[in-house]
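Peer 1: sharing a model that was predicted from the sequence below.
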Amino acid sequence: MRKDFSPALTTALQQALQYLRSVDEKPVGPTASLQTLRQRLCKEWNQYPLAPESVVNDLVRDIEGGLNNSVNARFYAWVIGGSLPSALAADWLTSTWDQNAGLYTVSPASAIVEEAVGAWLKQLFRLPSQSSFALVTGCQMAHTTCLAAARTWLLKKQGWDVEQQGMSGSPQIKIFCGARHATIDRTVHLLGFGSQSIVKLPVDETGALDPSALEAALQESNGQPAIVLLQAGDVNTGGFDDFVALIPIIRKHGAWAHVDGAFGMWAAASPRYDRLTATMEQAHSWATDGHKWLNVPYDCGYAFVAEPEAHRASMSYQASYLTQQELAREPLDWNPEFSRRARGFASYAALRELGRSGVREMVERCCDCATQLVIGLGKLEGVQVLSRPMINQGVVTFHHPSGAISNEWNDRVIAEIAREGTSFFSGTTANGRRAMRISISNWQTSQEDVLQTIAGVERVLTRMRQSEQVTQK
């Protein structure tokens, strides 16, 4: 029996448009409690079918207040972008078309769209044209894809076929890094390297790796296979490793250079900031996100590898029931996922909507807004700037009205800002102190949003100081 999709989809369209029209009028953070959401959503499962449009309306009603309204231009937490109109529309169509993007024969258009996206992104990041690529769920799986290729490449040089022989008994691979994101540790676990393989090296105040320390560590390892993790955008400061100094050292010692560019790689789109990515193209692999600065819907990340043979060997699989052919690129040969959402459509739409100049303008505007916001907050009473933006990230901390440094007070301020509703930030720990991290990567964020945010934070601080004075009395 064929069903009419119109009622459910029309309802979803109306609800989506209503949400987008009213998102600026709602608190940016969630307002519903854990208990409330459980009461609404963890209900007894219905015995009989429900009309699809009723299910949609009930869902929208029951999750009310339970969303971080991260599409809002004043959402500054966790490096989360919004969704460009064309990318959101393409993502809707992706669900409508319901394509498995694992093989060309299963979805020809999905495979070719990915070819276009990969080529355009390599141009944007100035990566070697022969580099292979994969569209994955996010930067963690991009790291996993890249470091799987690194594992294959490094162990092959040691005479070990990891795809056939596995990791047990293989030469140990050391992983050298300065500051790193948690997704690296998860990748290390997934690939069987083990946490003990990570060697943390000294960094400067921005989190940048010390070249002399790296040189000494690689020299001491005496030819042991090694991966060096490099940062394009520290999660707190937005700082970059010095690729010009570091990558030649890595290559001299025969190690693998991997760039964690979850958001920072997008600096390559701007002549104002591309100096930060100078010689980045000489690394062996690169990982970044689409659902951050490109502003495509979750989930989307990109992996690039300068050694395509190692990349393919680490991912490819053939079987008699898989219809593979040689003329088109087979996504299955480059991805850790077998059945895959056709996320290339949203990326394709976003890149087309923005064009080269649009990506540049968005990156530069976000960086300008981040600087404006950090400087503006720094002028408020009780606020100290810990890190001014190099690109789109900054860090501030809040002093207790008494002047004391208090981690508890800092976290209370962040929570009160969320309750006030004008904006939303996340907390972090920087140099042993609790602080508030500022991240701007939403395509809609403007100078007016920044001014509204500063005014909202000032209201919160004034109210909290007055309350604290009353309490002290």
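Peer 2: Thanks, I have the structure now. Residues are numbered from 1 along each chain as shown.
Peer 1: would you map the helices across the stretch 251-400 of the chain?
Peer 2: 308-315, 344-378 (DSSP state H, counting those that start in this stretch).
Peer 1: go through the ones you listed and name the closest to residue 456.
Peer 2: For these, proximity to residue 456 was assessed by Cβ to Cβ; helix 344-378 is nearest, at 10.7 Å. Bear in mind the C-beta positions are built from the backbone N, C-alpha and C, glycine included.
Peer 1: by contact count, what packs against that closest one?
Peer 2: Contacting helix 344-378 under the criterion 3 or more Cβ pairs under 8 Å, 6 or more residues apart in numbering; DSSP states H and E are the following elements: helix 85-97, helix 108-125, strand 383-387, strand 393-398, strand 433-439, helix 447-472.
Peer 1: pick the most deeply packed of these.
Peer 2: Compared across those, strand 393-398 shows the largest average neighbour count, a mean of 26 (mean count of other Cβ atoms under 10 Å).
Peer 1: buried residues in the next helix or strand after that one?
Peer 2: Remark: after strand 393-398, the chain's next helix or strand is helix 407-420, criterion DSSP states H and E. If you call a residue buried by 16 or more other Cβ atoms under 10 Å, then helix 407-420 has these buried ones: 409-410, 412-414, 416-418, 420.
Peer 1: quick one, helix 407-420 and strand 433-439 angle?
Peer 2: On the basis of axes from the mean of the first three to the mean of the last three Cα atoms, to 10 degrees, helix 407-420 is oriented at 30 degrees to strand 433-439.
Peer 1: what's in contact with helix 407-420?
Peer 2: Identification of contacts with helix 407-420 by Cβ atoms under 8 Å, 6 or more residues apart in numbering yields 27-29, 397-400, 423-427, 433-436, 456-457, 459-461, 463-464.
Peer 1: about what we covered before: with mean pLDDT and distance to residue 74 as added columns, please give the helices and strands packed on helix 344-378 in CSV.
Peer 2: Below are the helices and strands packed on helix 344-378 laid out as CSV (pLDDT from 0 to 100; distance: least, Cβ to Cβ, whole Å):
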stretch, mean pLDDT, distance to residue 74
helix 85-97, 98, 19
helix 108-125, 98, 27
strand 383-387, 96, 17
strand 393-398, 97, 15
strand 433-439, 96, 11
helix 447-472, 93, 5
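Peer 1: what's the closest of the helices of the stretch 251-400 of the chain to residue 451?
Peer 2: Closest approach to residue 451 among the helices of the stretch 251-400 of the chain is made by helix 344-378 (7.7 Å; Cβ to Cβ).
Peer 1: between the closest one and strand 383-387, how many degrees?
Peer 2: 130 degrees.
Peer 1: quick revisit: CSV please, covering the helices of the stretch 251-400 of the chain and showing distance to residue 89, mean neighbour count and mean pLDDT.
Peer 2: CSV is the format used below for these (distance: least, Cβ to Cβ, whole Å; neighbours: other Cβ atoms under 10 Å; pLDDT from 0 to 100):
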stretch, distance to residue 89, mean neighbour count, mean pLDDT
helix 308-315, 31, 20, 97
helix 344-378, 7, 21, 98
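Peer 1: for these, give me CSV that also has distance to residue 71.
Peer 2: Compiled in CSV, the helices of the stretch 251-400 of the chain are given as follows (distance: least, Cβ to Cβ, whole Å):
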stretch, distance to residue 71
helix 308-315, 33
helix 344-378, 14
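Peer 1: for residue 301, find the nearest of the ones you listed.
Peer 2: Residue 301 sits nearest to helix 344-378 of all the helices of the stretch 251-400 of the chain, at 10.1 Å, using Cβ to Cβ.
Peer 1: what's the angle between the closest one and helix 85-97?
Peer 2: Using the same axes, to 10 degrees: helix 344-378 against helix 85-97 is 140 degrees.
Peer 1: where does pLDDT dip in the chain?
Peer 2: Along the chain, the parts satisfying pLDDT under 70 run over 1, 319-325, 472-473.
Peer 1: 50 instead?
Peer 2: Within the chain, not a single segment meets pLDDT under 50.
Peer 1: the stretch 51-200 of the chain: helices as residue ranges?
Peer 2: Taking DSSP H, counting those that start in this stretch as the test, the helices found in the stretch 51-200 of the chain are 52-62, 85-97, 108-125, 139-157, 162-165, 182-190.
Peer 1: reformat the ones you listed as TSV; add distance to residue 385.
Peer 2: Listed next are the helices of the stretch 51-200 of the chain as TSV, based on distance: least, Cβ to Cβ, whole Å:
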stretch	distance to residue 385
helix 52-62	40
helix 85-97	33
helix 108-125	30
helix 139-157	27
helix 162-165	47
helix 182-190	25
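Peer 1: which one of those lies closest to residue 313?
Peer 2: helix 139-157 (5.1 Å).
Peer 1: give me the angle between the closest one and helix 308-315.
Peer 2: For helix 139-157 against helix 308-315, the angle by the same axes, to 10 degrees is 110 degrees.
Peer 1: how distant is helix 139-157 from the center of its chain?
Peer 2: Its chain's average C-alpha position is 19 Å from that of helix 139-157, according to Cα atoms, centre = their mean, to the nearest Å.
Peer 1: one more: stretch 192-211?
Peer 2: 20 Å.
Peer 1: any idea how far residue 450 is from residue 398?
Peer 2: As for residue 450, its distance to residue 398 is 18 Å (criterion: Cβ to Cβ, to the nearest Å).
Peer 1: ok, residue 308 next?
Peer 2: Distance, residue 308 to residue 398, by Cβ to Cβ: 49 Å.
Peer 1: go on, residue 335?
Peer 2: In terms of Cβ to Cβ, residue 335 sits 44 Å off from residue 398.
Peer 1: swap in residue 111?
Peer 2: For residue 111, the distance to residue 398 - Cβ to Cβ - is 50 Å.
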